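J.: I would like the atomic coordinates for the input below:
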Amino acid sequence: MKTIIILIVALFVVWLGYGMLKNNETTTSGADVTTPTTKVPNQNTNTVTLTPSAPSVETMSTTATSNSTALVTGQVKPNGAGTSYWYEYGETSALGTRTTSQQIGSGYKFIPTPAYITGLKANTLYYFRLSGSNRFATTNGATHTFQTNTNPPPQGSAPTTRTTSATTISRTTANINGTVNPNNSATTYWFEYGTDTEFGNLTAFQQIGSGNSQISASVSLSDLAPLTKYYFRLNAQNGYGTVNGPILSFTTTGPSNPGQPTADTTSAKNVTSTSATFTGVINPNGAQVTYWFEYSEDSLLGQLIGSGTPEQTVSAGTKNVTVQTDINLIPKKKYYYRLVAKNQYGAVRGDIVSFTTNK
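T.: Numbering: from 1, shown residues only. Prediction:
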């Protein structure tokens, strides 16, 4: 009998995982409904305007039962407003008892909504339905039934989830992070994020198996707005329920619009009779920069020595970056040099700095 219970639970979890992946496939093709705005491009490059509304709710008839428990599931689409879901159940169609509410954000994708109902009577027929609610209305799904039996309940619990700080934050990108413990049941995780605590955006569903240890979860976000505060949280789900991690935030860097870099020539270092290190400071101002040093024995740099030092690059960013280049020179000569930096928005030259090589 124990083998039968394990088989039922395994089949239920496989069905749940397949439903998540299938839902993710169908909602990421065609119209993209997880962008921060309510205007969504379709396959014909037209624009569809999505208006927030009451959630869409579908109760699934598939269940896995024991003598005192039932695994039930369905799916809910929040339709643009922060939404919670729960199940109502009872021994008659009047129902009468409900599970704890779970939060699923405000996106425009259907999200699987499992729940693990406990405290049931053996060999009893129960009615149940899924409900979802947001600020617009509460929507009730269809009512189905399940029958408990004499089998002992399966062993397992909902996952443990923790949201951790965002990293590698730039003008338009960031990595959001967290940890999940599946607690011995096949588990899927995803992140929600947006410019307020209703989020509105979902990352892809990721499966992490059924172990019993903390697993790192991380997703790279792109196409973010500069100088904007974003809220995010990690969610995890298995056959025993959905768990929301704490809400954290980060702010993307500036400038609002990238521009030409700044370049500041600084004093030469490590000066010997035959070499020196040219130094300077660059701020890329949001776009990748190419830089080099021009140098000459002419104080106005009217006659450069060659074409200057080899070109090097600094990645896009908004912080000052110290750069330097080693160069071979002639003894007892006075040299003049300056830093040159350019990106797609323009080129700039730093002030001219001088030094004299040793004897």
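J.: from here on, contacts and neighbour counts on C-alpha atoms
T.: OK.
J.: Report the rounded mean pLDDT for stretch 262-275.
T.: For stretch 262-275, the mean per-residue pLDDT is 96.
J.: Now tell me what touches it from outside.
T.: When contacts are defined by C-alpha atoms under 8 Å, 6 or more residues apart in numbering, stretch 262-275 is touched by residues 276-285, 326-332, 338-341, 348-355, 357-359.
J.: how long is stretch 109-121 end to end?
T.: For stretch 109-121, the first and last residues are 35 Å from each other (C-alpha to C-alpha, to the nearest Å).
J.: about what we covered before: filter the contacts of stretch 262-275 down to the buried ones and hand me the PyMOL line.
T.: Buried subset of these, written as a PyMOL selection, criterion 16 or more other C-alpha atoms under 10 Å:
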select buried, resi 276+278+279+280+281+282+283+284+285+329+338+339+340+341+349+350+352+353+354+357
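J.: center of this protein, which residue is that?
T.: For the chain, the residue sitting closest to the mean C-alpha position, by C-alpha atoms, centre = their mean, is V219 at 4.3 Å.
J.: counting contacts, what elements does the helix or strand where it lies pack onto?
T.: Using DSSP states H and E, V219 maps to strand 215-221. Contact here means 3 or more C-alpha pairs under 8 Å, 6 or more residues apart in numbering; DSSP states H and E; on that basis strand 215-221 packs against strand 174-181.
J.: Can I get the helix or strand following the strand it packs on in CSV, CA atoms only?
T.: Of the helices and strands lying after strand 174-181 in sequence (DSSP H and E), the nearest is strand 188-194. Extracted as CSV, the C-alpha positions of strand 188-194 are listed here (Å, rounded to 0.1, in the frame of the first residue of the first chain):
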residue,chain,number,x,y,z
THR,A,188,10.1,24.7,-9.0
TYR,A,189,11.2,28.3,-8.3
TRP,A,190,10.8,31.7,-10.0
PHE,A,191,11.3,35.4,-9.2
GLU,A,192,8.8,38.2,-9.4
TYR,A,193,10.0,41.8,-9.9
GLY,A,194,8.7,45.2,-10.8
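J.: From G317, how far out is L304?
T.: 30 Å.
J.: hang on, I meant T251
T.: For T251, the distance to G317 - C-alpha to C-alpha - is 14 Å.
J.: who has more neighbours, those two?
T.: Neighbour count, other C-alpha atoms under 10 Å: between T251 and G317, G317 has more, with 21 against 18.
J.: OK, contacts around that one?
T.: S170, R171, N283, P284, N285, G286, A287, Q288.
J.: Give the closest residue to W292 in space, chain neighbours not counted.
T.: Ranked by C-alpha to C-alpha, 6 or more residues apart in numbering and with sequence neighbours excluded, the top spatial neighbour of W292 is E311, at 4.9 Å.
J.: wait, isn't that neighbour in contact with V323?
T.: No - the criterion here is C-alpha atoms under 8 Å, and E311 misses it with V323 at 11.6 Å.
J.: pLDDT score for the residue nearest to W292?
T.: 96.
J.: can you give me the helices in the stretch 201-350 of the chain?
T.: Ranges of helices within the stretch 201-350 of the chain: none, based on DSSP state H, counting those that start in this stretch.
J.: Domains of this structure: list them as residue ranges, please.
T.: What automatic domain parsing lists as the domains of the chain is 1-155, 161-254, 262-356.
J.: how close does the closest residue to T356 other than its chain neighbours get to K359?
T.: Leaving aside its sequence neighbours, T356 sits nearest to K334 (C-alpha to C-alpha, 6+ apart; 4.1 Å). Using C-alpha to C-alpha, we find K334 at a distance of 11 Å from K359.
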